[in-house]
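S.K.: From the sequence below, what's the structure:
(chains A and B)
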2 protein chains.
Amino acid sequence: MSDEKIYQASVTAPVNIAVVKYWGKRDQNLNLPTNSSISITLSQSDLRAHTTASCSASFDSGDSLLLNSKPEDVTNTRVQACFRELRTLRSINESSDSSQPKISHLPLRIVSENNFPTAAGLASSAAGFAALVFAIANLYKLSSSTTDLSRIARQGSGSACRSLFGGFVEWQMGNLSDGSDSTAVQIAPASHWPTMRALILVISGAKKDVSSTSGMQATNKTSELFKRRVEVIAPANIELMQSAIVNKNFETFAKVTMSDSNNFHATCLDTFPPIFYLNDTSRAAIRIVEDLNRTSNRTVAAYTFDAGPNAVIYYQEEDEKLVAGILKGIIGHVDGWHARGKTISPLTYDGFDERAIELLQNGVNRVIMTGIGNGPIITEESLISNSGEPLRR
Amino acid sequence: MSDEKIYQASVTAPVNIAVVKYWGKRDQNLNLPTNSSISITLSQSDLRAHTTASCSASFDSGDSLLLNSKPEDVTNTRVQACFRELRTLRSINESSDSSQPKISHLPLRIVSENNFPTAAGLASSAAGFAALVFAIANLYKLSSSTTDLSRIARQGSGSACRSLFGGFVEWQMGNLSDGSDSTAVQIAPASHWPTMRALILVISGAKKDVSSTSGMQATNKTSELFKRRVEVIAPANIELMQSAIVNKNFETFAKVTMSDSNNFHATCLDTFPPIFYLNDTSRAAIRIVEDLNRTSNRTVAAYTFDAGPNAVIYYQEEDEKLVAGILKGIIGHVDGWHARGKTISPLTYDGFDERAIELLQNGVNRVIMTGIGNGPIITEESLISNSGEPLRR
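M.R.: Numbers count the residues shown, from 1 in each chain, chains lettered A, B, ... in the order given. Here you go, the predicted structure:
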């Protein structure tokens, strides 16, 4: 029977780390932000979500989603919003072109795996929802633009919209109440500034007290300072950052990246009750980046922190020996220094803050060396067998 | 010879801890603040600066200041400003009343001692400059009002102006460029709300990276959020706090105290490069106060942090068994629980954050139990002998 056929498509999608942060929603249900944000898409060679989307009349137990071998709740509104939007687009195509098989109503079976180091505490929802949307769009052979897909992914997880593009990406907040103009656009592809590198310090910390979603709500509701971030600071940082990226001006890029991260965490501290994502080890990482720039007499590195203690340090490839070398000198004992066969020689770090060095040595669990990368891609590697069963890879 | 006579006066002056913080100067030289602030004066039974001011023609080596047995530089502009203002007032009196001995031009010898626990890291400059100004004013038998003296003490150390009064004190920022209207006034004496108590958690931390003075400059110069604090938040908190004090409304007092402290530290984090005074132990103290209020189903305690990691926890005497009891249950092993013969019974703390408890147990060095107190007082205990030599007490 033809309607027992199993349709499938497999993709991988990248992680992105914002340099002008998203924090605060003007609409909870639609994930509409209070300000625009800009991120860098990281290489999928190091960090990626891998997702196979399939559908078949033989999937008789309804829609399902298996994430890292664990069944996820597909009835939650975020997943449902993505499924609904994509099905609608498919059904429009099916109506207008009778040669297309009628699959939009079939149960979906999604299998997804992240290749992130266990317990890295890296935000996986952005890559995950980008992969989910991109996989289903391919399954359904939709002709939607990447920006159109970003609008759908945004409803799954706000920052997921930025993971639909490679390189430097802006999520434009938009103004319309239905969110139709709140989408991602590419400022520049990875090839524009391919030497942009990222070194992630995975920092141990207590489990997050406050989820991003509830944290954003609390900040929006209780922080007076947050109003200034939304009205004045974030818009100014967006403009400065666009220009820094277009002109490959690392000094401005770094200054805006660091001060925007500080500004975001300041509004968290101004929330009542206060929200803390940075811990003493995070602050030590800030101090070491300051020491790196001071002892170099120029800006060679920039720190940024999402809603957690991990430090992401951006630098340019020409400074890798210095930036990664000093950090390897300090925390060479942790895993992660042998990325893609490169060997970093540890350097000495005279004049660096001793207390910060000690805190990093005790508080960093591993590093991840990566760099700028491209957007989601189609892969032949499927996570679902021809008979529809999940495969472990 | 009569002009070899040694004149002297001895005083003690209190510490104050702000509940609406002073941070940011509109004039560096005159110590004029960017916003008004409110503090509580703490009891001198527990914390005080003790100062003897003397003058004599026999002091032939010029002005001198001995602080905790160490000679201090009296040529710095802050000390000089206080000396100059007080001498001017004395010389006016001498000119208008010839019966007054001519002592305004004589070398000053000041000896001062703090009774603070060693290495407590408590701000001593406020009590110190209040004592210095009050001692010299008594030496010179000035009839100046306390508010007039606060104007002088402000030039030594901004927050010193608040230590000239007991109870609840507002430092009104003033508007005039010469600072003549930037003085302290008493909102209410200690007797208005005598049950106000303070428990100080002395928290170990690296030596302060950034002094208050240079920190304030950096924040004023680089933090966009700070503008909102100055323009909107601090003025609103001043009004709320005045009313909370007048009405002895602890719930509002606590809410404003905590959020103003968070707001101040948020602007420090928004400074570039960022300034951190709170550490992981400080944040654990915040969490424990949140747990205290949550488990009590009402607001029994409020935290506040000056430019350092120490937590000051305000509460009312009727809640001492609970607030101090829980804290003694957690950190009963440190010194400071036997203030003035009172015994606090340790309580159990079911449902409190375990990670915060562990951090407090490892990071608190001692506690200081104290409460609201009165302004500077004259004492017979002199720190200078009849022959003009410093005495150790």
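S.K.: what about A:F134, which helix or strand?
M.R.: Secondary structure assigned from DSSP states H and E places A:F134 in helix A:125-139.
S.K.: Can you show me the CA trace of that helix as PDB?
M.R.: In PDB, the C-alpha atoms belonging to helix A:125-139 read as follows (Å, rounded to 0.1, in the frame of the first residue of the first chain):
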ATOM      1  CA  SER A 125      17.200  24.200  22.100                       C
ATOM      2  CA  ALA A 126      18.300  26.600  19.300                       C
ATOM      3  CA  ALA A 127      20.100  23.900  17.300                       C
ATOM      4  CA  GLY A 128      17.400  21.400  18.100                       C
ATOM      5  CA  PHE A 129      14.400  23.400  16.900                       C
ATOM      6  CA  ALA A 130      16.300  24.700  13.900                       C
ATOM      7  CA  ALA A 131      17.100  21.100  12.900                       C
ATOM      8  CA  LEU A 132      13.500  20.000  13.600                       C
ATOM      9  CA  VAL A 133      12.000  22.700  11.400                       C
ATOM     10  CA  PHE A 134      14.600  22.300   8.600                       C
ATOM     11  CA  ALA A 135      14.200  18.500   8.600                       C
ATOM     12  CA  ILE A 136      10.400  18.700   8.300                       C
ATOM     13  CA  ALA A 137      10.600  21.400   5.700                       C
ATOM     14  CA  ASN A 138      12.800  19.000   3.700                       C
ATOM     15  CA  LEU A 139      10.500  16.100   4.400                       C
END
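S.K.: next structured bit after that helix?
M.R.: Downstream of helix A:125-139, the first helix or strand assigned by DSSP H and E is helix A:146-156.
S.K.: Can you spell out which helices and strands pack onto the helix holding A:F134?
M.R.: When contacts are defined as 3 or more C-beta pairs under 8 Å, 6 or more residues apart in numbering or on different chains; DSSP states H and E, helix A:125-139 packs onto strand A:7-14, strand A:48-55, helix A:77-96, strand A:108-114, helix A:146-156. C-beta: built from backbone N, CA, C; applies to glycine.
S.K.: mean confidence score for the fourth one?
M.R.: The average pLDDT for strand A:108-114 rounds to 96.
S.K.: what packs against that strand?
M.R.: Judged by 3+ C-beta pairs under 8 Å, 6+ apart, strand A:108-114 is in contact with strand A:48-55, strand A:64-67, helix A:125-139.
S.K.: Just the angle for that strand relative to helix A:77-96, thanks.
M.R.: Here the directions of strand A:108-114 and helix A:77-96 differ by 130 degrees (axes from the mean of the first three to the mean of the last three C-alpha atoms, to 10 degrees).
S.K.: how far is strand A:108-114 from where the chain is centred?
M.R.: Remark: strand A:108-114 is offset 18 Å from the chain centroid, using C-alpha atoms, centre = their mean, to the nearest Å.
S.K.: same question, the last one
M.R.: Using C-alpha atoms, centre = their mean, the mean C-alpha position of helix A:146-156 is found 14 Å from that of the whole chain.
S.K.: Give the next helix or strand downstream of that helix.
M.R.: Next helix or strand after helix A:146-156 toward the C-terminus (DSSP H and E): strand A:168-172.
S.K.: Check which element follows that following strand along the chain.
M.R.: strand A:183-188.
S.K.: now the angle from that following strand to helix A:125-139?
M.R.: 100 degrees.
S.K.: Tell me which strands the helix or strand following strand A:183-188 pairs with, and in which orientation.
M.R.: For strand A:183-188, the following helix or strand on the C-terminal side (DSSP H and E) is strand A:196-203. Strand pairing for strand A:196-203, determined by DSSP bridges: strand A:311-316 (antiparallel), strand A:364-371 (antiparallel).
S.K.: ranking those by burial, who's on top?
M.R.: Burial of those is given as mean neighbour count (mean count of other C-beta atoms under 10 Å in any protein chain shown); strand A:311-316 ranks first at a mean of 24.
S.K.: Next secondary structure after that one?
M.R.: Strand A:311-316 is succeeded, C-terminally, by helix A:320-331 (DSSP H and E).
S.K.: got the angle for the helix or strand following that following helix vs strand A:311-316?
M.R.: Scanning forward in sequence from helix A:320-331 by DSSP H and E, the next helix or strand is helix A:354-363. Here helix A:354-363 runs at an angle of 110 degrees relative to strand A:311-316 (the same axes, to 10 degrees).
S.K.: so after the host helix or strand of A:A18, what's the next helix or strand?
M.R.: A:A18 belongs to strand A:16-20 when elements are defined using DSSP H and E. Following strand A:16-20 in sequence order, the next helix or strand is strand A:25-27 (DSSP H and E).
S.K.: Give me the contacts around that next one.
M.R.: For strand A:25-27, contacts defined as C-beta atoms under 8 Å, 6 or more residues apart in numbering or on different chains pick out A:N31, A:L32, A:P33, A:T34, A:G158, A:M173, A:S177, A:G179, A:M216, A:Q217, A:N220.
S.K.: okay, the residues you listed in JSON lines with neighbour count next?
M.R.: Below are the contacts of strand A:25-27 laid out as JSON lines (neighbours: other C-beta atoms under 10 Å in any protein chain shown):
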{"residue": "A:N31", "neighbour count": "23"}
{"residue": "A:L32", "neighbour count": "21"}
{"residue": "A:P33", "neighbour count": "27"}
{"residue": "A:T34", "neighbour count": "20"}
{"residue": "A:G158", "neighbour count": "26"}
{"residue": "A:M173", "neighbour count": "21"}
{"residue": "A:S177", "neighbour count": "10"}
{"residue": "A:G179", "neighbour count": "20"}
{"residue": "A:M216", "neighbour count": "25"}
{"residue": "A:Q217", "neighbour count": "16"}
{"residue": "A:N220", "neighbour count": "19"}
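S.K.: Which of those sits closest to B:T12?
M.R.: For the contacts of strand A:25-27, the residue nearest B:T12 by C-beta to C-beta is A:N220; the value is 47.9 Å.
S.K.: What count of nearby residues applies to the closest residue to A:E320 other than its chain neighbours?
M.R.: Distances taken as C-beta to C-beta, 6 or more residues apart in numbering or on different chains put A:R197 closest to A:E320, at 6.1 Å, once the chain neighbours are dropped. Per other C-beta atoms under 10 Å in any protein chain shown, the neighbour tally for A:R197 reads 22.
S.K.: and A:R197, bridged to which residues?
M.R.: Following DSSP bridges, A:R197 is listed with bridge partners A:Y315, A:G371.
S.K.: pretty sure it contacts A:Y314?
M.R.: Yes: taking contacts as C-beta atoms under 8 Å, A:R197 lies within contact range of A:Y314: 7.1 Å.
S.K.: got JSON lines for the strands paired with strand A:196-203, with distance to B:Y140 and mean pLDDT too?
M.R.: Formatted as JSON lines, those follow (distance: least, C-beta to C-beta, whole Å; pLDDT from 0 to 100):
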{"stretch": "strand A:311-316", "distance to B:Y140": "57", "mean pLDDT": "98"}
{"stretch": "strand A:364-371", "distance to B:Y140": "59", "mean pLDDT": "95"}
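S.K.: What residues does the stretch 101-250 of chain A have near chain B?
M.R.: Contact residues (C-beta under 8 Å from any C-beta of the partner chain) of the stretch 101-250 of chain A with chain B: A:A206, A:T222, A:E224, A:L225, A:K227, A:R228, A:R229, A:V232, A:I233, A:A236.
S.K.: Check these for burial and list the buried ones.
M.R.: Among these, those that count as buried by neighbour count (16 or more other C-beta atoms under 10 Å in any protein chain shown) are A:T222, A:E224, A:L225, A:K227, A:R228, A:R229, A:I233.
S.K.: Out of the helices and strands packed on strand A:108-114, which is closest to A:V334?
M.R.: strand A:48-55 (21.9 Å).
S.K.: what is the mean pLDDT for that closest one?
M.R.: 97.
S.K.: what's next to it, contact-wise?
M.R.: A:6-15, A:103, A:106-115, A:124, A:127-128, A:130-132, A:134-136, A:138-139, A:379, A:381-384, A:388, A:393.
S.K.: Please parse chain A into its domains.
M.R.: Annotated domains of chain A cover A:7-189, A:196-371 [the TED database].
S.K.: Would you quantify the distance from A:I238 to chain B?
M.R.: Separation of A:I238 from chain B (C-beta to the nearest C-beta, to the nearest Å): 14 Å.
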